[in-house]
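A.B. asks: Give me coordinates for this.
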Amino acid sequence: MTSTARQSHRLDGLEPGNLLAFLALLGLLRALEESAAPWHPRVAWSVDTPPVRPVLHLAVSVGRDAVLTAAATGISRLAARHDFRPYKDLKLPPDIAAEQLRAAAAGDDGYTADLWAALVTDAAVRERDKITEVEPTPLCMMLGQGHQHFLERLRTVPRQRQPERGPKRNQPTVSEADCLREALFAPWTRPDNTSSFRWDPHEDVRYAHRATDPTDPKTKTTTQHGANRLAAVGLAALTAVPARSRGSAARLEVLGGGREADGTFTFTWPIWRAPISLAALRNLLGYPGLDRIETRAALGIVERRRAHRIAFGRYMNFSRAEPLPPTR
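C.D. replies: The predicted structure follows:
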């Protein structure tokens, strides 16, 4: 876990306790590997320089503008493979899911195979309203409720280079680079009226104790579009697999995911010191024993953060991630 990076950039927009920010970090690494592989992008956390934020390390000396251009190019190339039509939701029969998985695996595009492998498996199924469907990734927060369609958003959001912002009649113009700059290099102000994936704890809005209707277009919660674009392409890093506990049916689990005794899905990620690649980070997400003090010390893990999936009525969100204490 060493690096010969000659350039580093602190990512002040990506807070350690926000799932959307962590997924955006995965997406940044994936996008840079796609468009600027010779840069050998790596990430560490500024644990000794508060507030804790990720730091991007590169093997070449390039400025922020070059990073933003490369990230935009990578997102564009990856988003071109986000074509799930005619399906809008992850409510797929097992035979359709198996067909999509086989087609993705048979191609020469590793990203498409990774993407489908992060969404479903035909080995974990469930019955809804007497219809057998594959279980979607636990990171899918919408199945058509309120006209929110996960696959449709996963296709359109990363392709939308410029966000909708401000009143419809007088929308300010913001460039693609500036949108990504706001997501990566500045504290989030969430100025965008674009669709999101409900991964940001800020999107957990409820009627109680509010003076306005959270579903009213004039007062509804806005988002950080650049972060959602990055997170959409970062999702492919989180491979889904069927898992079966004794005496129960197979459930779909993802890298970094887990379930508590009551069945609540959680997602946990580490905070580490030394610059590592996306491949190394994926290994860390599935590495056993990261709550043990000696394992953390050996791998340079400072702490782990855990977010919980929560549901209120038909809608789901993720909580802000809290640090997990180590065990001996």
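A.B. asks: Listing request: residues of the stretch 151-300 of the chain with sub-threshold pLDDT.
C.D. replies: Across the stretch 151-300 of the chain, the ranges flagged by pLDDT under 70 are 167-170, 205-220, 245-247.
A.B. asks: how about the strands of it, start to end?
C.D. replies: According to DSSP state E, counting those that start in this stretch, the stretch 151-300 of the chain carries its strands in the segments 240-243, 251-254, 257-259, 265-272.
A.B. asks: so what's residue 74 up against?
C.D. replies: 30-36, 233 (C-beta atoms under 8 Å, 6 or more residues apart in numbering). (Glycine included, C-beta is placed from N, CA and C.)
A.B. asks: could I get the strands of the stretch 151-300 of the chain as TSV with mean neighbour count and distance to residue 119?
C.D. replies: Shown next, in TSV, are these (neighbours: other C-beta atoms under 10 Å; distance: least, C-beta to C-beta, whole Å):
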stretch	mean neighbour count	distance to residue 119
strand 240-243	17	7
strand 251-254	21	9
strand 257-259	17	13
strand 265-272	21	15
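A.B. asks: nearest to residue 20, of those strands?
C.D. replies: Using C-beta to C-beta as the criterion, the shortest distance between residue 20 and those is 11.3 Å, found for strand 265-272.
A.B. asks: What pairs with that closest one, parallel or antiparallel?
C.D. replies: Sheet pairing here is set by DSSP bridges, and for strand 265-272 it gives strand 257-259 (antiparallel), strand 301-312 (antiparallel).
A.B. asks: which one of the strands of the stretch 151-300 of the chain lies closest to residue 22?
C.D. replies: With respect to residue 22, and counting by C-beta to C-beta, the nearest of those is strand 265-272 at 5.2 Å.
A.B. asks: if I look at the residue nearest to residue 315 when sequence neighbours are not counted, how far off is residue 77?
C.D. replies: For residue 315, the nearest residue in space outside its immediate sequence neighbours is residue 145; the separation is 6.7 Å by C-beta to C-beta, 6 or more residues apart in numbering. When C-beta to C-beta, to the nearest Å is the yardstick, residue 145 and residue 77 sit 32 Å from each other.
A.B. asks: Residue 33 too?
C.D. replies: Counting by C-beta to C-beta, the separation of residue 33 from residue 77 is 11 Å.
A.B. asks: swap in residue 99?
C.D. replies: If you measure residue 99 against residue 77 using C-beta to C-beta, the figure is 25 Å.
A.B. asks: Same question for residue 275.
C.D. replies: From residue 275 to residue 77 the distance is 24 Å (C-beta to C-beta).
A.B. asks: which one of the two has more residues nearby?
C.D. replies: Neighbours per residue, other C-beta atoms under 10 Å: of residue 275 and residue 77, the larger number sits with residue 275, 22 against 14.
A.B. asks: isn't that one right next to residue 41, touching?
C.D. replies: No. With contacts counted by C-beta atoms under 8 Å, residue 275 stays clear of residue 41, the gap being 9.0 Å.
A.B. asks: Now the common contact residues for these two.
C.D. replies: The overlap between the contact sets of residue 275 and residue 41 (C-beta under 8 Å, 6+ apart) consists of residue 57.
A.B. asks: Tally up the residues packed near residue 255, please.
C.D. replies: For residue 255, the count of nearby residues is 18 (other C-beta under 10 Å).
A.B. asks: Just to check, it is in contact with residue 287?
C.D. replies: No. With contact defined as C-beta under 8 Å, residue 255 does not reach residue 287; the gap is 10.1 Å.
A.B. asks: which residues touch the closest residue to residue 52 other than its chain neighbours?
C.D. replies: In space, not counting the residues next to it along the chain, residue 52 is nearest to residue 16; the distance is 5.1 Å by C-beta to C-beta, 6+ apart. For residue 16, the contacting residues are 22, 45, 52-54, 271, 305, 321, taking C-beta under 8 Å, 6+ apart as the criterion.
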